[in-house]
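Visitor: just need the structure, nothing else, for what follows:
(one chain, ligands or ions: 1)
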Amino acid sequence: MQTKTHFSNTPFWHDDVDLTVQTTMLEQLSDNVDVLIVGSGFTGLSAALTLARAGKSVAIIEAARIASGASSRNGGLLGPSFHKLGIQGLVDKFGQQTADDLLKESLKGYDWLLDFIETEQIDCDLNRCGRFRGALRPAHFKSMVLQAQSLADKLDYPVDIIEKADQHTEVGSSKYHGGVVYTKDASLHPAKLVKGLIKLCQQAGVTLVEQARVGKIRQNSAGFKVQIARREINAAAVLIATNGYTGDVSAQLKKRILPIRSSMIATEPLSTELVQSISPKLRTHGGTDRLVFYYRPSPDGKRFLFGGRAMSYQDKPQEYYQYLQQNMCALFPQLQQSKISHAWSGLVAYSFDHIPHLGQNNGMYYAMGYCGSGVARANYLGHKIALKMLGQGGETCFDQFEFPDQAFYSGNPWFMPALLRWHSFADRWGV
Ligand SMILES: Cc1cc2nc3c(=O)[nH]c(=O)nc-3n(C[C@H](O)[C@H](O)[C@H](O)COP(=O)(O)OP(=O)(O)OC[C@H]3O[C@@H](n4cnc5c(N)ncnc54)[C@H](O)[C@@H]3O)c2cc1C
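Guide: Model prediction:
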């Protein structure tokens, strides 16, 4: 096992893509804009593109560097992200019709992004590779089979069932008890997608301002007065696109979001044989753990990327590096000698009902709460919220749900480390 810890703390994706972009200095930003967007990830960029193409003057204001939040840090695993409860759980909670509608909307969002990438010709290593999901216990396999049959029947979403005896054709680990392959799932290079979106936004005339934190936002008869450092900008409309980074910019949204740190490691280049001994078909992967691990080969098939929840809210690379490496080697002992080149993290946002939310709060628009699966959702719902802002529809199945808060929670997730450790314990002992 590697003992020295010489790894880069920047996302592996940033080695390939320079995210330095032409921005506008805050001092040069116009006093008046039609739409001011807080946050420059997929949500903000996707919304900005739709709004600017419809003729609106749009400014994206980013507290850090452009697109340096989760959108350029994620695993690039792409799928419809059906609800955590599973199909039967959704039916039990919401009834058959709503459950069906939720599943269909998730698939619609996924198809929308695939179509968008192709139409706009964004080169982001999109690969319709399929995803293998392994069952950590025999009982998990049984419920996966039932779920797979429902998906195939209801959504025409093809799922292959893989018995334990055959799973070596999908994954090089003995920890699973069979699994399923979601054959339509895909993977991409998130930083390349972000870069492509930025280019389209700039071509459409969107103004990008970075290293400028949005402070107080006050509503008035003409719209909003938005405080950014010493500037005050008038905006006819505001979109909050801050997801896991939602802070004091909106106390109402902050208390509806649980920010959780997600982290990843990347190995140094491996032999083709070693990568294929883990993922023979170079798919994306995950399991049925409560504290989910997700993994995939790099787009060139030379490295292995492995991700999971970080136990601390703060960015503690040493801590999650060890945690991920241990869990990766427990699943794949053949990686014991492989060195780790990168370890990085970012914040995702859970909602209390595990449903993404979009709409209006105190007059401001928002879209957030993607529950760790935001590549398709953030792009799709960014577009949808922009259509709502334009008065051009933008209806989704998610509109019918109130954005719930939780008694005694005001946005400080102090209890999360303990909760995550409990889930980790439960995974280990099958509780
Ligand atoms: C390590 C990791 C792995 C992941 N893997 C996957 C995956 O494989 N597949 C998948 O589907 N999803 C994955 N996700 C989730 C996905 O990346 C996110 O759901 C998605 O990128 C959210 O996009 P966003 O634009 O809403 O937010 P973000 O991209 O996080 O952008 C929000 C931005 O708002 C800015 N901001 C906050 N407050 C202010 C303020 N007051 N003023 C100005 N700016 C502000 C922040 O600085 C940040 O840049 C992963 C996330 C992480 C962190």
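
Visitor: can you list the residue ranges for helices in the stretch 1-150 of the chain?
Guide: 42-53, 86-94, 96-119, 138-155 (DSSP state H, counting those that start in this stretch).

Visitor: residue 368 reaches residue 249, doesn't it?
Guide: No: between residue 368 and residue 249 there is no contact under Cβ atoms under 8 Å: 11.4 Å. Where you see a C-beta, it was placed from the backbone N, CA and C, and this is true even at glycine.

Visitor: anything in contact with each of those two?
Guide: 240, 242 (Cβ atoms under 8 Å, 6 or more residues apart in numbering).

Visitor: these two: which has the busier surroundings?
Guide: residue 368 (28 against 22; other Cβ atoms under 10 Å).

Visitor: which of the helices of the stretch 1-150 of the chain is buried the deepest?
Guide: Comparing the helices of the stretch 1-150 of the chain by mean neighbour count (mean count of other Cβ atoms under 10 Å), helix 42-53 comes out on top with a mean of 28.

Visitor: which outside residues touch it?
Guide: 34-35, 37-38, 58, 60, 62, 67, 71, 193-194, 197-198, 200-201, 204-206, 239, 241, 243, 367-368, 374-375, 378-383, 385-387, 389-390.

Visitor: quick one: mean pLDDT for that helix?
Guide: Mean pLDDT, computed over helix 42-53, is 98.

Visitor: same check, this time on stretch 188-204
Guide: Model confidence over stretch 188-204, given as mean pLDDT, is 98.

Visitor: could I get the CA-only coordinates of the helix or strand residue 367 falls within as PDB?
Guide: Under the criterion of DSSP states H and E, residue 367 resides in strand 364-368. The C-alpha atoms that make up strand 364-368 are tabulated as PDB, following Å, rounded to 0.1, in the frame of the first residue of the first chain:
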ATOM      1  CA  MET A 364     -35.900  35.100  -6.700                       C
ATOM      2  CA  TYR A 365     -35.600  32.100  -9.000                       C
ATOM      3  CA  TYR A 366     -33.600  29.000  -8.000                       C
ATOM      4  CA  ALA A 367     -32.800  25.500  -9.100                       C
ATOM      5  CA  MET A 368     -30.900  23.100  -6.800                       C
END
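
Visitor: any low-confidence regions in this structure?
Guide: For the chain, the stretches flagged by pLDDT under 70 are 1-5, 427, 429-431.

Visitor: who's in contact with the residue nearest in space to the middle of it?
Guide: The residue lying closest to the centre of the chain (Cα atoms, centre = their mean) is residue 374, at 2.9 Å. Applying Cβ under 8 Å, 6+ apart, we find residue 374 in contact with 42, 43, 70, 71, 74, 243, 348.

Visitor: got the phi/psi numbers for the fifth one?
Guide: I take that to be residue 74. Backbone geometry at residue 74, expressed as degrees, to the nearest 10, gives phi -80, psi -180.

Visitor: who touches the closest residue to it other than its chain neighbours in this structure?
Guide: The spatial neighbour of residue 74 that comes closest, neighbours along the chain excluded (Cβ to Cβ, 6 or more residues apart in numbering), is residue 190 at 5.0 Å. If a contact means Cβ under 8 Å, 6+ apart, then residue 190 has 13, 71, 72, 73, 74, 75, 76, 124, 375 as its contacts.

Visitor: I figured the first one hits residue 189, correct?
Guide: Yes: counting by Cβ under 8 Å, residue 13 sits close enough to residue 189 to count as a contact (6.2 Å).

Visitor: could you tell me which residues touch both of those two?
Guide: Joint contacts of residue 13 and residue 189 (Cβ under 8 Å, 6+ apart) are residue 76.
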